[in-house]
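S.K.: Dropping the sequence and predicted coords here.
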Amino acid sequence: QLRLVESGGGKVHPGGSLRLSCVLSGRSLEDYTIGWFRQAPEKERRGVSSISKSGEETIYATSVKGRFTISRDNVKNTAYLQMNNLRLEDTGTYFCAATVSDYALSYGVDYPYDYFGQGTQVTVSS
């Protein structure tokens with residue numbers, strides 16, 4: 001059974017950086033498009049970024065473009081989200097997600113993925 005486990009969250013000051021990791025087990029990562037979502041307190045979960053199965057194509061939400069970088073290592077079955085120049089509004093629980101669909105990136109960052117991890121907390125605070 002497919003399982004996603006996120007790690008790398010923490011508390012940072014504005015302007016700081018974090019790198020989130022997402023390990024997929026039970027299946028081969030190369031068969032899945034991967035997305036990252038976040039949920040701020042008392043708000044709905046929204047897409048942040050997505051990466052194609054090969055890693056050649058990426059998309060980002062406007063709010064994180066130029067600051068966040070999504071990547072993947074299919075050999076390690078791990079996806080990453082490098083987050084730089086963090087802002088207060090980046091605070092939230094971050095989830096990785098997986099789908100076998102090849103159309104997720106065409107849809108956009110809010111594609112309805114099939115699988116989600118449990119999330120990792122990111123807090124940006126001064």
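M.R.: Here it is on my side, so go on.

S.K.: Can you check the pLDDT for the closest residue in space to residue 26 that isn't next to it in sequence?
M.R.: Closest residue to residue 26 apart from its sequence neighbours, by Cβ to Cβ, 6 or more residues apart in numbering: residue 2 at 4.6 Å. Any C-beta I mention is one placed from the backbone N, CA and C, and that applies to glycine too. As predicted, residue 2 sits at a pLDDT of 96.

S.K.: what do you get for residue 41?
M.R.: On the pLDDT scale, residue 41 gets 89.

S.K.: Can you tell me the element the residue positioned nearest the centre of the chain falls in?
M.R.: Centrality entry for the chain: nearest residue to the mean C-alpha point is residue 36, 2.2 Å, by Cα atoms, centre = their mean. Counting by DSSP states H and E, the element that carries residue 36 is strand 33-39.

S.K.: Packing partners of the helix or strand just after that strand?
M.R.: Next helix or strand after strand 33-39 toward the C-terminus (DSSP H and E): strand 46-51. Here strand 46-51 is seen to pack against strand 33-39, strand 58-60, strand 68-73, strand 78-83 when contacts are counted using 3 or more Cβ pairs under 8 Å, 6 or more residues apart in numbering; DSSP states H and E.

S.K.: looking at those strands, which is closest to residue 99?
M.R.: Among those, the nearest to residue 99 by Cβ to Cβ is strand 33-39 (5.2 Å).

S.K.: what's the angle between the closest one and strand 78-83?
M.R.: 40 degrees (axes from the mean of the first three to the mean of the last three Cα atoms, to 10 degrees).

S.K.: Partner strands of strand 33-39 and their direction?
M.R.: Here strand 33-39 has these sheet partners by DSSP bridges: strand 46-51 (antiparallel), strand 92-99 (antiparallel).
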